[in-house]
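A.B. asks: below are the sequence and a predicted model; questions follow.
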Protein chains: 2
Amino acid sequence: MTITLHDLAGADAALRFSPYCWRIKFALAHKGLDVRAVAWRFRDGAKLPKPNQGRVPVITDGKRAVADSWAIAEYLEEAYPERPSLFEGTAGPSRFINSWADTVLNPGIFPLIIADLFRAVDKGDQKYFRESREQRLGTTLEAAQAGREKRVAGFRASLLPLRTVLGVQDWLAGAEPGYADYIVAGSLMWAWCASRFELLAADDAVGAWFARVRELHDGLGERAVRVAG
Amino acid sequence: MTITLHDLAGADAALRFSPYCWRIKFALAHKGLDVRAVAWRFRDGAKLPKPNQGRVPVITDGKRAVADSWAIAEYLEEAYPERPSLFEGTAGPSRFINSWADTVLNPGIFPLIIADLFRAVDKGDQKYFRESREQRLGTTLEAAQAGREKRVAGFRASLLPLRTVLGVQDWLAGAEPGYADYIVAGSLMWAWCASRFELLAADDAVGAWFARVRELHDGLGERAVRVAG
């Protein structure tokens, strides 16, 4: 049975850049589950399967709807135990990586690509996107993104815990890729799809790992549509 | 058979504050293994069992010596699989927590307690400690610690990923405590034993969790010797 995923779509309906949806697209591919990704826009809150939190990802598996990327990952692991594991044991420690991505990584990426993101979102979403994000930032999107060439050094420094792990093991999940990898790669896919800004230095081990993640599952990440350069 | 642990000792031989040794003391207790903790000082590099990296922890289990806290944790898990697991599955994602503790948490704590640490170390270690740490810091220990009452707010903010996880699960390792908890608690035991500075705000969920960790294994952390207030 095919799982339906409500997936944030941009001005180009094929442009799918939500970091939280990417976590789940990688997770579904890891489990080998068929997915139908439905284009969703910020203004389509009422069109989501219930229960939901007004945001994507939301999946529908038969009659069951599950919202929130972490809850979906746990659901997939429990509902499909015979398929490759996302956690290979307790999910507990991966949740720290999830929190780090949500509270350090994503807020670090956000002001580096925010004006690019505005151009990538659907025209009908732009007013909402600008107003809500400018309120959060306390400034205009353009002012928030300005000077990113200098600020990116601080962002790259904040990746040190990631870089250190990737110096001693191939994947964040250990010897094999798992949900820990998809969490962090989801954040990088956000910037990869919606912007052409070079988030990582060319010689960064994080970049080499991210390229390996994009090649997984028949190049799922590598095949993603990106904004024009 | 009793495992020997070379454990950093202070001016008071009962004062044991190394964050890396605490990881292993918790891990040994988790496994229910008997341990003989040998007092070690910075100047006693030549007295460590080989192979070693000139630092503690080093354990000796029969004829086998293992150095480096992460390597010791992996060794214990592999050598004693029938005892309670430190990882409950793959150790991979816990290694990110280990890197975060080493590259974010410990460097955050260090300048908040560094002059206190100097007073806690053994007299015969103080010259080495001051010189090596002042070189690392580029300033005196006292100057590095000055103004900590104001700087501690930034440190507390850096614990957000930790606080977020502990808002949704009881332990970093998940439903039960594990090595993920011992990594981070080890860092907090460092400050707890060697300083009376209030690293955490009274209402911080991180503090409530740390108190729970100290109560584990017959109050191993709670019973630790601390410097006088």
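C.D. replies: Now that the structure is in, tell me what you want to look at.
A.B. asks: so who does the closest residue in space to residue A:77 that isn't next to it in sequence touch?
C.D. replies: Nearest non-adjacent residue to residue A:77, counting by C-beta to C-beta, 6 or more residues apart in numbering or on different chains: residue A:86, 5.1 Å away. C-beta here means a position set from N, CA and C on the backbone, and glycine is covered the same way. Residues near residue A:86 by C-beta atoms under 8 Å, 6 or more residues apart in numbering or on different chains: A:27, A:30-31, A:73, A:76-77, A:178-179, A:182.
A.B. asks: is it possible to get TSV of those that adds neighbour count, secondary structure and pLDDT?
C.D. replies: What follows is these, written out as TSV (neighbours: other C-beta atoms under 10 Å in any protein chain shown; DSSP: H, G, I helix; E, B strand; the rest coil; pLDDT from 0 to 100):
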residue	neighbour count	secondary structure	pLDDT
A:27	25	helix	98
A:30	24	helix	98
A:31	19	helix	98
A:73	27	helix	98
A:76	23	helix	98
A:77	18	helix	98
A:178	27	coil	98
A:179	30	helix	98
A:182	29	helix	98
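A.B. asks: just want the residue of chain A that's nearest chain B.
C.D. replies: Nearest residue of chain A to chain B, counting by C-beta to the nearest C-beta: residue A:89, 0.9 Å away.
A.B. asks: phi first, then psi, for that residue.
C.D. replies: Main-chain dihedrals, residue A:89, degrees, to the nearest 10: phi 130, psi -150.
A.B. asks: can you pull out the helices in chain A?
C.D. replies: Secondary structure of chain A (DSSP state H): helices at A:19-31, A:69-79, A:92-100, A:106-120, A:123-137, A:141-145, A:148-157, A:160-166, A:179-194, A:205-219.
A.B. asks: residue ranges with poor pLDDT in chain A?
C.D. replies: Residue ranges of chain A with pLDDT under 70: none are present.
A.B. asks: quick one: name the residues of it near chain B.
C.D. replies: With C-beta under 8 Å from any C-beta of the partner chain as the criterion, chain A comes near chain B at residues A:87-100, A:102-104, A:160-162, A:164-165, A:168-169, A:171-175, A:178, A:180.
A.B. asks: separate out the buried members of these.
C.D. replies: Among the residues of chain A next to chain B, those buried by neighbour count (16 or more other C-beta atoms under 10 Å in any protein chain shown) are A:87-100, A:102-104, A:160-162, A:164-165, A:169, A:171-174, A:178, A:180.
A.B. asks: distance from the chain centre to stretch A:56-76, please.
C.D. replies: Mean-position distance between stretch A:56-76 and its chain equals 15 Å (C-alpha atoms, centre = their mean, to the nearest Å).
A.B. asks: sorry, that was for stretch A:91-103
C.D. replies: Using C-alpha atoms, centre = their mean, the offset of stretch A:91-103 from its chain centre is 13 Å.
A.B. asks: hang on, the earlier thing: out of the contacts of residue A:86, who's nearest residue B:56?
C.D. replies: Proximity of the contacts of residue A:86 to residue B:56 (C-beta to C-beta) peaks at residue A:178, which lies at 32.3 Å.
A.B. asks: hmm, residue A:87 and that closest one touching each other?
C.D. replies: Yes. Residue A:178 lies in contact with residue A:87 (C-beta atoms under 8 Å); the separation is 6.3 Å.
A.B. asks: name the residues contacting each of the two.
C.D. replies: In contact with both residue A:178 and residue A:87: A:94, B:90, B:93, using C-beta under 8 Å, 6+ apart.
A.B. asks: turn those residues into JSON lines, columns for distance to residue A:144.
C.D. replies: Listed next are the shared contacts of residue A:178 and residue A:87 as JSON lines, based on distance: C-beta to C-beta, whole Å:
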{"residue": "A:94", "distance to residue A:144": "30"}
{"residue": "B:90", "distance to residue A:144": "38"}
{"residue": "B:93", "distance to residue A:144": "32"}
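A.B. asks: tally of neighbours for residue A:54?
C.D. replies: Residue A:54 is flanked by 11 other residues according to other C-beta atoms under 10 Å in any protein chain shown.
A.B. asks: how close does it get to residue A:67?
C.D. replies: Computed as C-beta to C-beta, to the nearest Å, the residue A:54 to residue A:67 distance reads 9 Å.
A.B. asks: now the residue of chain A closest to chain B. Nearest residue, chain neighbours left out?
C.D. replies: Leaving aside its sequence neighbours, residue A:89 sits nearest to residue B:89 (C-beta to C-beta, 6+ apart; 0.9 Å).
A.B. asks: which residues touch that neighbour?
C.D. replies: When the contact criterion is C-beta under 8 Å, 6+ apart, the partners of residue B:89 are A:87-90.
A.B. asks: which parts of chain A belong to which domain?
C.D. replies: A:3-79, A:92-218 (automatic domain parsing).
A.B. asks: what is the end-to-end distance of the shortest one?
C.D. replies: Right, domain A:3-79. Distance across domain A:3-79, first residue to last, is 12 Å (C-alpha to C-alpha, to the nearest Å).
A.B. asks: also the longest one?
C.D. replies: Domain A:92-218 stretches 28 Å from its first residue to its last (C-alpha to C-alpha).
A.B. asks: could you do stretch A:84-99 as well?
C.D. replies: By C-alpha to C-alpha, one end of stretch A:84-99 lies 24 Å from the other end.
A.B. asks: could you do stretch A:4-13 as well?
C.D. replies: The first residue of stretch A:4-13 is 16 Å away from its last residue (C-alpha to C-alpha).
A.B. asks: please apply the same query to stretch A:53-68.
C.D. replies: By C-alpha to C-alpha, the extent of stretch A:53-68 from end to end equals 8 Å.
A.B. asks: contact partners of it?
C.D. replies: With C-beta under 8 Å, 6+ apart as the test, stretch A:53-68 has contacts from A:1, A:3-8, A:18, A:20-21, A:23-24, A:40, A:45, A:48-52, A:69, A:72, A:75, A:79.
A.B. asks: mind listing what's buried in that stretch?
C.D. replies: Buried residues in stretch A:53-68, defined by neighbour count with 16+ other C-beta under 10 Å: A:55-61, A:65-68.
A.B. asks: swap in stretch A:118-131?
C.D. replies: Going by neighbour count (16+ other C-beta under 10 Å), the buried part of stretch A:118-131 is A:118, A:120-122, A:125, A:129-130.
A.B. asks: touching, residue A:214 and residue A:226? I think so.
C.D. replies: No. Counting by C-beta under 8 Å, residue A:214 stays clear of residue A:226, with 11.2 Å between them.
A.B. asks: so those two - more neighbours on which side?
C.D. replies: residue A:214 (19 against 15).
A.B. asks: name the nearest residue to that one, ignoring sequence neighbours.
C.D. replies: In this structure, residue A:214 finds its nearest non-sequential neighbour in residue A:221, 3.2 Å apart by C-beta to C-beta, 6+ apart.
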